[in-house]
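# sharing a model prediction with you, sequence too.
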Amino acid sequence: MILIEIKDIIATYAAFVSTLVLIWNIYNSLRDKGKIKVSGFFGLMLDDYEQTQKILYYEFTNVGSKPIHLDRVATDLKREVEGAGHYIMVAPGLPKKLEPGERHQVVLHTFDSVDENTKSLYVIDSIGKKHKMKKKVLKKLIRQKGKSQE
């Protein structure tokens, strides 16, 4: 009689543990996606240590565990400009596939993509997901632009 109860307890425990493992694996597979970190700054670029130029630098790093195909860079605006609430930048080297840990760098010599009217800056992947620059980084970039133009 006691032997049957121990078998039932072990079977119930095994079923419970296997159910938890199944749920954990489904959760991890749904969570296991590519993720892009967007960063940038204003700076100077040296040309053979003779001439310096002001530049706007963007960096897109795949910090996730899956490859991502970057498609385009875009911004949302706080106020519409000429009837548009956002615009797309032509970024050199895009579209591009980024493997996990890989990064793509864009150096621009024009600074129109960021100003006080910029609400958010992001890169869009091939399935349409937006990977946004953190607001703190964007605000710092806007401040740097203001200082660089003084």
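That came in fine, so what should we check first?
# CA atoms for contacts and neighbours, from now on please.
Fine.
# how long is stretch 103-122 end to end?
15 Å (C-alpha to C-alpha, to the nearest Å).
# that one - what's its average pLDDT?
Mean pLDDT, computed over stretch 103-122, is 86.
# just the buried residues of that stretch, please?
Arg103, His104, Val107, Leu108, Ser113, Val114, Asp115, Thr118, Lys119, Ser120, Leu121, Tyr122 (16 or more other C-alpha atoms under 10 Å).
# just curious, which of these is nearest to Asp48?
Val107 (16.6 Å; C-alpha to C-alpha).
# distance of that closest one from Asp76?
Distance from Val107 to Asp76, by C-alpha to C-alpha: 20 Å.
# quick check: buried residues in the longest strand along the chain?
Counting by DSSP state E, the longest strand found in the chain is strand 68-81. In terms of neighbour count (16+ other C-alpha under 10 Å), strand 68-81 has its buried residues at Ile68, His69, Leu70, Asp71, Arg72, Val73, Ala74, Thr75, Asp76, Leu77.
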